[in-house]
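**Student:** Sequence and predicted model, in that order:
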Amino acid sequence: MGSTHSSSSLKLYWLLGGLAVLSLIPPLWFYAVGEEGVYTIGAMEMWMRHDYLHQTTFGELYNRPPMIVWAIGMVASLTGFKQIVIAARLVSLLSTLGMALLTGLLARLVIKDRAFILFSSIITLTLGDLFFYRGWLAYADPLLGFFTMASITLMVYGLKYNSSFKLLLSALFIGAAFLTKSLTPFAIWYSALLILSWDHKNKRLHFSRAVWLTLPIPLSIALIWFGVVNQHHQMGQSMVGDVIQKVFASKSIVSYLKKIIIFPFSTALNLSPWVPLSLFILIIKRRIDHLFIQRLSWIIIINILPYWLAPQSHIRYLIALYPLIGIVCAYLLWEQNENWYKWINRLLFVVVGLKLLFGIIIYPYYQIKIRGLNYVELAHDLLKTVEGLPIYTNDGRSVGLNIVNELDKENYPKQFITLPPVKWKEGMLISINELPNYHLYKTIKVTGDTIYIYCQGTACNRSSHLKMYY
């Protein structure tokens with residue numbers, strides 16, 4: 001595309017960027033989706049318990065760092081906890097927009113052109129998985145991605161200008177990424193530091209004094225968290241065990257080989273249309289000439305490889321790499337000729353148009369007719385049935401989480417739904433399976449799932465407002 005079209009493209013990209021951002025707003029009001037309840041329930045329980053160091057679900061310790069729950073709880077304190085899902089999605093939405101803005105900051109080091117900078121941000125924002133689903137979904141991944149991208153951006157500028165302050169901030173931001181979800185941001189940070197510190201001219205690593213001082217900070221944050229704040233809960237062992245389980249758990253050699261073959265294709269498909277298109281360009285071009293883009297590409301490859309080789313992985317685990325992928329794609333697309341220029345811009349309009357259609361019509365219809373509204377209706381009918389008696393749950397599936405999320409919203413700040421006590425004598429239980437020692441009050445079909453409602457004491461005499469099918 002080059003500089004020939006940069007001035008004429010700027011207004012177009014401002015329009016496309018504005019429409020892309022607007023398309024992210026309708027999902028704020030969608031009903032709860034998937035396992036969003038892990039974080040919304042965790043925030044409500046944390047604020048009711050006034051224990052801000054430990055996240056719980058159904059009253060039981062959720063053995064992960066609580067940064068995402070802190071963020072959701074603080075936003076919910078402004079919106080009100082009755083709007084907890086909106087608050088949680090605002091955290092994800094702002095994190096996603098933050099990743100797009102940080103992409104633009106790094107893009108300045110590739111091509112000093114305002115149109116290219118904006119184009120890079122839009123390409124990152126409209127990567128399929130991020131734009132249509134992951135970017136608004138109230139999971140920990142977008143916030144982790146934002147903190148990781150902020151860390152890498154600060155690292156790049158810190159190394160470029162030999163700034164100890166920027167490198168210190170980089171280390172602190174990657175610590176925040178760890179406190180959001182997992183240990184994996186450390187792998188991205190240390191691998192990026194090695195790649196970006198490599199002296200191509202002299203073929204050696206070049207670590208300044210500032211780098212040496214910064215090196216131990218990320219791991220020190222983890223050690224302090226595990227050793228001081230959560231020393232009694234073995235969170236470190238749990239998080240390391242989770243990584244090991246994903247690395248070595250495989251059902252069979254056939255399933256593992258199938259995963260190895262499918263992974264690159266499914267990943268490219270999830271990041272459509274820009275990754276498949278950029279890979280096609282790269283196959284034709286056969287090389288990347290820009291040194292900084294080469295380095296970013298190596299960071300991406302090195303950090304994708306473990307997920308490719310591991311028996312278990314998921315596209316959302318790659319979200320911290322999305323902005324880097326976006327910059328590389330933007331560079332490859334930008335360097336094409338006039339014919340490509342028009343075609344890519346049309347494709348951008350199609351992607352943004354599809355997202356508007358998805359957010360305004362398709363997904364709201366799906367939630368009303370198939371899955372979403374039914375969880376809310378079931379929760380309200382259960383509240384009418386128990387009339388103030390206790391409700392317990394042992395259902396950690398998405399269906400159970402979404403129902404409990406609605407129950408906790410309605411009960412906030414009086415009480416939250418917990419696992420049943422060992423000898424509970426009053427109330428109702430939402431169960432994932434059949435329990436022969438308790439009185440079955442009702443069996444309910446919720447879309448494709450079955451839940452069992454059990455009762456004890458006077459709850460068994462309550463008139464039912466529950467339906468058999470939702």
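**Tutor:** That came in fine, so what should we check first?

**Student:** per-domain residue ranges of this protein.
**Tutor:** As given by automatic domain parsing, the domain ranges for the chain are 3-30+63-362, 373-461.

**Student:** end-to-end on the last one?
**Tutor:** To tie it back to what came earlier, the one meant is domain 373-461. End-to-end distance of domain 373-461 (C-alpha to C-alpha, to the nearest Å): 28 Å.

**Student:** average pLDDT for that domain?
**Tutor:** If you average the pLDDT over domain 373-461, you get 96.

**Student:** swap in the first one?
**Tutor:** Taken as a whole, domain 3-30+63-362 has a mean pLDDT of 92.

**Student:** ok now that domain, how far from the chain's centre?
**Tutor:** Put simply, domain 3-30+63-362 sits 10 Å off its chain's centre (C-alpha atoms, centre = their mean, to the nearest Å).

**Student:** ok so, going back, with distance to residue 53 and mean neighbour count added, can I get the domains of the chain in CSV?
**Tutor:** Where you see a C-beta, it was placed from the backbone N, CA and C, and this is true even at glycine. Shown next, in CSV, are those (distance: least, C-beta to C-beta, whole Å; neighbours: other C-beta atoms under 10 Å):
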stretch, distance to residue 53, mean neighbour count
domain 3-30+63-362, 6, 18
domain 373-461, 18, 17
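
**Student:** want to throw those into a markdown table with distance to residue 57?
**Tutor:** Converted to a markdown table, the domains of the chain look like this (distance: least, C-beta to C-beta, whole Å):
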| stretch | distance to residue 57 |
| --- | --- |
| domain 3-30+63-362 | 10 |
| domain 373-461 | 7 |
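
**Student:** Residue 432 is in contact with residue 395, correct?
**Tutor:** Yes. Between residue 395 and residue 432 a contact is recorded at 4.2 Å, counting by C-beta atoms under 8 Å.

**Student:** who touches both of these two?
**Tutor:** Listed contacts common to residue 395 and residue 432 are residue 451; contacts here mean C-beta atoms under 8 Å, 6 or more residues apart in numbering.

**Student:** Quick one: the strands in the chain, in order.
**Tutor:** Counting by DSSP state E, the segments of the chain that form strands are 56-57, 60-61, 198-199, 204-205, 391-393, 427-431, 439-446, 449-456.

**Student:** can I get the ones you listed in JSON lines with distance to residue 8?
**Tutor:** Listed next are the strands of the chain as JSON lines, based on distance: least, C-beta to C-beta, whole Å:
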{"stretch": "strand 56-57", "distance to residue 8": "52"}
{"stretch": "strand 60-61", "distance to residue 8": "57"}
{"stretch": "strand 198-199", "distance to residue 8": "38"}
{"stretch": "strand 204-205", "distance to residue 8": "43"}
{"stretch": "strand 391-393", "distance to residue 8": "58"}
{"stretch": "strand 427-431", "distance to residue 8": "58"}
{"stretch": "strand 439-446", "distance to residue 8": "53"}
{"stretch": "strand 449-456", "distance to residue 8": "53"}
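
**Student:** closest one to residue 292 among those strands?
**Tutor:** Residue 292 lies closest to strand 198-199 among the strands of the chain, at 12.2 Å (C-beta to C-beta).

**Student:** Can you list the neighbours in contact with that closest one?
**Tutor:** Applying C-beta under 8 Å, 6+ apart, the external contacts of strand 198-199 come out as 204-206, 295.

**Student:** In terms of distance to residue 33, which of those ranks first?
**Tutor:** Lowest distance from residue 33 to the contacts of strand 198-199 (C-beta to C-beta) belongs to residue 295, with 36.5 Å.

**Student:** what's the distance between the closest one and residue 170?
**Tutor:** Note on residue 295: its distance to residue 170, by C-beta to C-beta, to the nearest Å, is 16 Å.

**Student:** Residue 73 too?
**Tutor:** Separation of residue 73 from residue 170 (C-beta to C-beta): 26 Å.

**Student:** closest one to residue 49 among the domains of the chain?
**Tutor:** Counting by C-beta to C-beta, residue 49 lies closest to domain 373-461 out of the domains of the chain; the figure is 8.5 Å.

**Student:** tell me how far the closest one is from the chain's mean position?
**Tutor:** For domain 373-461, the distance to the chain centre is 28 Å (C-alpha atoms, centre = their mean).

**Student:** Can you tell me how far residue 139 is from residue 241?
**Tutor:** Distance from residue 139 to residue 241, by C-beta to C-beta: 21 Å.

**Student:** contacting residues for residue 192?
**Tutor:** Residue 192 makes contact with 152, 155, 299, according to C-beta under 8 Å, 6+ apart.

**Student:** Wait, the first one touches residue 170, no?
**Tutor:** Read it as residue 152. Yes. Under the criterion of C-beta under 8 Å, residue 152 makes contact with residue 170 at 7.5 Å.

**Student:** Packing partners of the longest helix that the chain contains?
**Tutor:** The longest helix of the chain (DSSP state H) is helix 84-107. Secondary-structure packing of helix 84-107 (3 or more C-beta pairs under 8 Å, 6 or more residues apart in numbering; DSSP states H and E): helix 37-49, helix 67-79, helix 114-125, helix 141-160, helix 322-334, helix 398-411.

**Student:** Relative to residue 348, which of the ones you listed is closest?
**Tutor:** Nearest to residue 348, of all these, is helix 114-125, at 6.8 Å by C-beta to C-beta.

**Student:** Can you give the contact residues for that closest one?
**Tutor:** Helix 114-125 has contacts (C-beta under 8 Å, 6+ apart) with 5-7, 9-10, 13-14, 16-17, 20-21, 96-97, 99-101, 103-104, 106-108, 110-111, 130-131, 135, 274, 322-323, 325-327, 329-331, 333-334, 348.
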